[in-house]
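1. Sequence and predicted structure, then a few things I'm wondering about:
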Amino acid sequence: MSIRLITRPQITQLLPMGKAIELMREGFRALAEDRVMMPPRQRIITADGDMLLKPACLPGEGLCVKLVMTYPDNPKNGMPLVQGLLMVFDDLTGSPLAVMEAGGLTAIRTGAGGGLAIDVLARKDSHTVALIGAGVQARTQLLAAMESRTIKRVFLYDPDADAAGHLEDSIKAMDGEVEIIRVNDPDDGVAEADIVITATTSPVPTFSGSALRPGTHVNAVGAYQADRRELDEETMLRSYVVVDGRKAAGVEAGELVIPGIEADAELGEILTGQKPGRVDDQQITLFKSVGIAVQDAVCASFVLEEAERLNIGTEVDMTGD
């Protein structure tokens, strides 16, 4: 029995953002059509962080389980905020097929989910982004936004000036034509934005809902615990609220749990025509993501297929025979 080990740089090579957004479209449609086996994720809370166990099976395409650790203080010590492993199995035989680095895949697939939400919900003439947060996920969220819309200006806010500076340099490297404006108050950027992205570890709202202009689209991807929220109640009440998975968001998204608000639709329900998307250019739309395992399943299946086709990764004999 052999498995393929696939590293973070290899995942980045094999899974470009444009393709990841296509895969999110497939995954969310499958969820809405009840073609995914995806039990609730399990969580272990430690003194300094937490571990999430996330299984999913899309019959005929893959069976996977992801173990991901989130330790908020790690970046202060030069370590990744998110670390973990993703294991892929043959859903017909149960044979293990691959082990992948999970942090990089998580960043790409979460960014891609946000990019798909922008493609589906944001106004077609959206060109300005308010980006709150400057970590790994903020970068991939913006990269996905740039895949889905022509972004000309980014209002960037993060209380950590060094982190904001590093992200600013990264954005300029991605597209030197994009104008970067650093703001000292996130509301200043929100008030000018067509698209607002929050990608933080903040336990409390990151901007005032009163700052949102009519027609704005909001992606909120940082919080995934019932007692934490990046968005205030005013933002939620002003918005058409779309989630990645209704069951998961209903118990894990503080933006919904704290004020007692229910989502209007799942993203997959809009893709399949079960629910409406944006109805006019004045509507405020909002995508709240807690991250669901079908996103991992569709991406991991594609990464493994490409790795086998291109002979990328390291084959390891697990039995020693």
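-> Looks like it came in fine. Everything numeric here is computed off the predicted structure, so don't read it as measured data.

2. May I have stretch 305-319 as CSV, with CA atoms only?
-> Extracted in CSV, the C-alpha atoms of stretch 305-319 (Å, rounded to 0.1, in the frame of the first residue of the first chain):
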residue,chain,number,x,y,z
GLU,A,305,-5.6,13.7,-10.0
GLU,A,306,-3.2,16.4,-11.2
ALA,A,307,-0.4,15.1,-9.0
GLU,A,308,-0.7,11.6,-10.4
ARG,A,309,-1.0,12.9,-14.0
LEU,A,310,2.1,15.1,-13.6
ASN,A,311,4.0,12.7,-11.3
ILE,A,312,4.2,15.4,-8.5
GLY,A,313,4.6,14.4,-4.9
THR,A,314,6.4,11.6,-3.1
GLU,A,315,5.2,8.0,-3.2
VAL,A,316,5.6,6.3,0.2
ASP,A,317,5.1,2.6,0.8
MET,A,318,3.2,2.4,4.1
THR,A,319,3.4,-1.3,4.6
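
3. And the contacts of it?
-> 1-7, 10, 13-15, 96, 98 (C-beta atoms under 8 Å, 6 or more residues apart in numbering). Just so you know, the C-beta spots here come from the backbone N, C-alpha and C atoms, and that holds for glycine as well.

4. Give me the residues contacting the strand or helix carrying residue 154.
-> Per DSSP states H and E, residue 154 falls inside strand 153-157. The contact list for strand 153-157 (C-beta under 8 Å, 6+ apart) reads 127-134, 142, 164, 167-168, 171, 178-186, 188-190, 192-193.

5. let's see it at 6 Å
-> Strand 153-157 is touched from outside by 128-132, 164, 178-183, 186, 189, 192, with contacts defined as C-beta atoms under 6 Å, 6 or more residues apart in numbering.

6. For residue 37, state which of the contacts of stretch 305-319 is nearest.
-> Of all these, residue 37 sits closest to residue 96, with 18.0 Å by C-beta to C-beta.
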